[in-house]
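Novice: here is a sequence together with a model predicted from it:
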Amino acid sequence: MPDVPPVEERPKPSRRTLVLLVTPIVAIVVVGLVASAFIPVLATKHPLLLIALDARNRYLVLARHVDLVPFVIVAVLRRSFSDPLFYLLGRFYGEGALRWLEKKGGGGELVVLTEKLYRRAGYPMVFLFPGAIVCALAGQTGMSPIGFVTANLAGTLASVFAVRRFSATISSPVEGLLGFFNRHLVATTAVSIGLVLLSLVLNRAQGKLDPDLDELEGASDVENGVEADGEPGV
């Protein structure tokens, strides 16, 4: 694993830099919620727009009627758009960024396991599981930007083709679901909107919706103290 300077030895990013990194991440979360809320309409009437808003596997499966070339281009761009942002968060804020992401995104034991696996196989993890924590770990541990982008894009491209292939093998149930959405468009859309609103209320109660940039900067400061003094802060 490449050596990377401790957090206190790295240039301290400005508040503006932090805002520029976190704002698009928040925007991505918002458009993803829009996709989830209106999935019946988007999946049946505007599948390319659906995967432009959110390119999770289940949405790629539902967008099986989109032509291959636009499908691949939009899906790869959408899936990889936020990864460099998380990489830079890890690069600038080190361990503090990981703890911030863990609190805002949840995960608990899964985050700890991801960190252990990454220490043993960084590039394979970026290729196979390029999520927020893995990308932040790549930045925190000093993975080269070129190596990160190469592994990230190659893994994203491979996963998009794999999901496309999988969608073709389960075409019958997918068509059945799309037909159900189309026949009950108003009712299914109302239900999906209701579920998204409920998830927003629950996440708000758990403190996962507020980006809280001061908390991220504070986490970085705590890590500085730990590494400088050798003692955990109180």
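Specialist: Nice, thanks for sending it over.

Novice: and residue 194, how far from residue 177?
Specialist: Separation of residue 194 from residue 177 (Cβ to Cβ, to the nearest Å): 19 Å. The way it works is simple: take the backbone N, C-alpha and C, and place the C-beta from them, glycine included.

Novice: neighbour count: the two, which is higher?
Specialist: Neighbours per residue, other Cβ atoms under 10 Å: of residue 194 and residue 177, the larger number sits with residue 177, 16 against 11.

Novice: in this protein, where is pLDDT below threshold?
Specialist: For the chain, the stretches with pLDDT under 70 are 1-13, 104-109, 206-234.

Novice: if we go to 50?
Specialist: Applying pLDDT under 50 to the chain flags the ranges 1-8, 221-234.

Novice: report the longest helix in it, please.
Specialist: helix 145-169 (DSSP state H).

Novice: next secondary structure after that helix?
Specialist: Using DSSP states H and E, the next helix or strand after helix 145-169 towards the C-terminus is helix 171-183.

Novice: so how far is that next one off the chain centroid?
Specialist: Distance of helix 171-183 from the chain centroid (Cα atoms, centre = their mean, to the nearest Å) equals 27 Å.

Novice: with just CA atoms, put the helix or strand encompassing residue 116 into CSV.
Specialist: Assigned by DSSP H and E, residue 116 belongs to helix 109-120. In CSV, the C-alpha atoms belonging to helix 109-120 read as follows (Å, rounded to 0.1, in the frame of the first residue of the first chain):
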residue,chain,number,x,y,z
GLU,A,109,-19.6,-3.3,11.3
LEU,A,110,-19.8,-3.4,7.5
VAL,A,111,-17.6,-0.3,7.3
VAL,A,112,-15.0,-1.9,9.7
LEU,A,113,-15.0,-5.0,7.5
THR,A,114,-14.6,-2.9,4.3
GLU,A,115,-11.6,-1.2,5.8
LYS,A,116,-9.9,-4.5,6.7
LEU,A,117,-10.5,-6.0,3.3
TYR,A,118,-9.2,-2.8,1.6
ARG,A,119,-6.0,-3.0,3.5
ARG,A,120,-5.3,-6.4,1.9
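
Novice: neighbouring contacts of stretch 152-171?
Specialist: The contact list for stretch 152-171 (Cβ atoms under 8 Å, 6 or more residues apart in numbering) reads 55, 57, 60-61, 64, 68, 71-72, 75-76, 79-80, 83-84, 126-128, 130, 135, 174.

Novice: and the helix or strand encompassing residue 191, what's buried?
Specialist: Secondary structure assignment for residue 191, by DSSP H and E: helix 185-205. Buried residues in helix 185-205, counted by 16 or more other Cβ atoms under 10 Å: 188-189, 192, 196, 203.

Novice: ok, residues contacting it?
Specialist: Identification of contacts with helix 185-205 by Cβ under 8 Å, 6+ apart yields 33, 36-41, 44, 180-181, 209.

Novice: quick one: stretch 182-198 to chain centroid distance?
Specialist: Relative to its chain's centre, stretch 182-198 lies at 24 Å (Cα atoms, centre = their mean).

Novice: no wait, stretch 116-124
Specialist: Centroid separation between stretch 116-124 and its chain, computed with Cα atoms, centre = their mean, is 18 Å.

Novice: buried sites along that stretch?
Specialist: So, applying 16+ other Cβ under 10 Å, buried residues of stretch 116-124: 117-118, 122-123.
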